[in-house]
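S.K.: give me a 3D structure for the following:
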Amino acid sequence: MKRLFKLFRTFLLKHPVPFLVIGLSFLFIDNANCQDTKLQLNDLDYFETQGLNVFVFSNQYNGFFYDEKTAGIELIHHGVRTATNGAVRLRSTPEQWDLIPEVVSRKVDEANNSIEVLLRYKDYNFDSKVVVTAKDQGVLIDVFLDKPLPEKLDGHAGFNLEFLPSAYFEKTYLIDNSPGIFPLYPGGPTVVKPIKDKISQFNGHSTFDDRGRGEFVDPLPIATGSTLILAPEDPERRVEINSFNGRLMLYDGRNVAQNGWFVVRSLIPSDKTGKVVEWYLTANTIKDWKRSPVIGFSQVGYNPDQQKVAVIELDKNDTPLTTASLFQVMPDGNFVEKLTEDVKMWGQYLRYNYVTFDFSSVKDSGLYLIKYGDQKTETFPIDTHVYDNIWQKTLDIYFPVQMDHMFVNEAYRVWHGHPYKDDALQAPVNEQHFDGYSMDSTTDTKYKPLERIPGLAVGGWFDAGDFDIQDGSHNTVVYNFSNLWETFQVKHDQTFVDRKTSFVDIHRPDGIPDVLQQIEQGALQLVAQQKNIGHAVRGIIVPHLYQYHHLGDAINETDNLPYNPKLKPYETDGKSSGTLDDRWVFTNRVPYLNYGSITALATAYRALKNYNKDLSEEALKYAIEAWDNEHKVSGWGNAGEDRWFRSNVELEAALQLYISTKDEQYSKRFKDLVWTVLDRSLPFNILAAVQAIPYMDEEYKSTLKSYIEKYKDQLDQLSKENPYGVPIIIRGWGGNTMVINWAITNYYLNKAFPEIIGPEYTFKGLNYIFGCHPYSNISFVSGVGVHSKKVAYGNNRANFTFIPGGVVPGLLILKPDFPENKEDWPFFWGENEYVIDICSAYIFLSNAANDLLSKGR
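M.R.: Take a look at the predicted model:
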């Protein structure tokens, strides 16, 4: 039987046929669910057929976050990116911080319908060439070596292709006709090996805590063979891989890292050159497959008086319908057609076509849904109060959960204990750390490396899905909340904060506005830095990579005991510990961070002066001292950052210090800078310029008007660039922060120049966040809207869940044309990681929207 199977497999490779299931004694062909269409290189230099795209290093690895699962050979299978990281790798299941290859060259050969990529591991003087060639309904993937594998890489180097676990949960596989089930949860097998056998990770760091034993865990394959068929029962996900000169090994990368993928791998043989790996990969495509239309709309609903435009995203092979309809949902459950209108063609953006449906004329309060062909949206309200409480989960739940140095409780649940009582040690010099942290040859402080810096175990927030304190985002949050208090006097109170016992209780009012308590939380940390260090810092983060990826209660990331070098590792005297796990402070002086701290502290002074007078006065004192220090010394940090950021953030700092002190030196400096920075970068500086209007003369506003008109032209250009009319950026991190800040800027411009900037530019940003965006129509705010992010990259991401009120980064645009935001896989930080700065900005934007609509109530 085995021989018969091998002969039959060889026949299939030479004579491809639509193939669904091979059993021991029968073959079943489902022609309705397959098509005979060859892959071809398109004008964007990737392989394409209807229902399948194969990217070959359209996206490349970068050295910042290392392996982001967005590079190498990738499959877009029936509209979903299901495979990534097709490359020569040095581990069977690469983790984020494992070594990545450098792309030396990428050559597209249209004549031969192939793409060739030269990869290099510089540390090992190891080059490999990967050639992908379209053949019939699949691709040949060949790996070539000009020189034999370096001895150190024998048994380590192999060709990998990784498959998204959530795409194959509750599905099966066949390997050489032997059946298996993809595990829902990892369960081994693994082995323990001596550390000398491990390929070093980024900069010598290690993701594995071996407790000093000099070992590491290595996964074993869950299946091996020559032919692997993934999900043979599912025509949307069925993929077949055949290896002609080596075994295929199937691994579960989640055995060593929760964000690991299923990995298919072939080892590169030692002492061999030329073609060392040869695969043939086919992915089933459904005949005449077209992606279902996506109706982009606000999952929160609409105010009766605002513009209401749905944006409908269509497969490029789809023929647009002429109309769309709005139905009202009646109390008895019936659906009553309220409006049918012609859709308007917008055109192509990235890989999809778009039409729009305007239902602004419908103003009656009620519940509605949009219908386009067979597609129907979730039900949503039209009502004057739709925006009233959209921000409250973010303030009530998300921000308390992020509070550092506090015990956080919610009813029967403890979100986390009181962490980081052992903060913090001076980071060593010449340290190339992870997550963008580094130290140069000096500390810029009076402290010696690994000396304890006092007073830092206070206030602050966990920056994002990890547990570090980052000054950039802290500065933004303190400023945003202070501005929120000054502008809207938000007196909402649903959180109990007890500083004496470091205790926070959610859903428990204490008579103090929550916004003020959050401003206090941030100001305590920023003041502590200025007081004990003398300037703002890059941030505070754990020293070891095996701590950094911690998932669970923050209290367990360190032992919460100050480090004592007189004790042995893991030894304690009850008051201190010999374990060097205390967080490090990265203290190099950077002007734009210090100016950001000045802006935050100067603004917090005004917000806190009637709540916490002592802290308020300290905030202003250290803001002024930091300003004076910045003007005594120049040229710190990266020269490019200094040129670009310094004048921008100095402008904001000067304005806030002037508002707080009325000292003319700050006003003069603001006026010296403002027109230069507006000419250089209008979108990034127009907000500060407009906020200054109440404190300047009429001539200032008159001069500013021409810049507003120029900015208006840029706003209108956005509607020509994409159908949503908002700034969508293409980079390694989703652009929701930019969209929200853009909408906030438009709010201020509308208030100051309503004859030029209308309120719709603010609501476009909010609607985008709530579901009127590409790829899906999910609300990017967890727990807000009918359909919202339920799986996200919070500190509870290992449980495939969310933190209510968290706002995710949103769409990742994978080059050249694929927008993505995964709803079933939380581990893409660029798509799904909550960050405190965007969440504070979202609260402000929500209140700004209510303010714009308040006159109509």
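S.K.: tell me the buried residues in stretch 110-121?
M.R.: Using 16 or more other Cβ atoms under 10 Å as the test for burial, stretch 110-121 gives 113-121. Just so you know, the C-beta spots here come from the backbone N, C-alpha and C atoms, and that holds for glycine as well.
S.K.: could you list the low-pLDDT ranges of the stretch 251-400 of the chain?
M.R.: For the stretch 251-400 of the chain, no stretch has pLDDT under 70.
S.K.: returning to what we had before: got the buried residues of stretch 110-121 as JSON lines, with distance to Lys316 and pLDDT columns?
M.R.: Shown next, in JSON lines, are those (distance: Cβ to Cβ, whole Å; pLDDT from 0 to 100):
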{"residue": "Asn113", "distance to Lys316": "21", "pLDDT": "97"}
{"residue": "Ser114", "distance to Lys316": "24", "pLDDT": "98"}
{"residue": "Ile115", "distance to Lys316": "22", "pLDDT": "98"}
{"residue": "Glu116", "distance to Lys316": "28", "pLDDT": "98"}
{"residue": "Val117", "distance to Lys316": "27", "pLDDT": "98"}
{"residue": "Leu118", "distance to Lys316": "32", "pLDDT": "98"}
{"residue": "Leu119", "distance to Lys316": "32", "pLDDT": "98"}
{"residue": "Arg120", "distance to Lys316": "36", "pLDDT": "98"}
{"residue": "Tyr121", "distance to Lys316": "38", "pLDDT": "97"}
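S.K.: let me have these in TSV, adding distance to Asp45 as columns.
M.R.: As requested, the buried residues of stretch 110-121 are exported to TSV (distance: Cβ to Cβ, whole Å):
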residue	distance to Asp45
Asn113	12
Ser114	11
Ile115	7
Glu116	12
Val117	12
Leu118	16
Leu119	18
Arg120	21
Tyr121	25
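S.K.: least trustworthy helix or strand in the protein by mean pLDDT?
M.R.: strand 21-22 (a mean of 30; mean pLDDT, DSSP states H and E).
S.K.: so which elements touch the helix or strand encompassing Phe684?
M.R.: With secondary structure defined by DSSP states H and E, Phe684 is part of helix 682-691. Contact analysis of helix 682-691 by 3 or more Cβ pairs under 8 Å, 6 or more residues apart in numbering; DSSP states H and E lists helix 639-661, helix 664-680, helix 698-721, helix 736-752 as its packing neighbours.
S.K.: and the ones you listed as JSON lines, adding mean pLDDT and mean neighbour count?
M.R.: Converted to JSON lines, the helices and strands packed on helix 682-691 look like this (pLDDT from 0 to 100; neighbours: other Cβ atoms under 10 Å):
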{"stretch": "helix 639-661", "mean pLDDT": "83", "mean neighbour count": "20"}
{"stretch": "helix 664-680", "mean pLDDT": "96", "mean neighbour count": "16"}
{"stretch": "helix 698-721", "mean pLDDT": "96", "mean neighbour count": "14"}
{"stretch": "helix 736-752", "mean pLDDT": "98", "mean neighbour count": "23"}
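S.K.: for Trp415, find the nearest of those helices.
M.R.: Trp415 sits nearest to helix 736-752 of all these, at 23.7 Å, using Cβ to Cβ.
S.K.: picking up where we left off before, how far away from the center of its chain is the helix holding Phe684?
M.R.: 26 Å (Cα atoms, centre = their mean, to the nearest Å).
S.K.: coming back round to it: please convert the helices and strands packed on helix 682-691 to TSV, extending it with distance to Ile73.
M.R.: Below are the helices and strands packed on helix 682-691 laid out as TSV (distance: least, Cβ to Cβ, whole Å):
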stretch	distance to Ile73
helix 639-661	34
helix 664-680	41
helix 698-721	30
helix 736-752	29
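S.K.: good, we can wrap up now.
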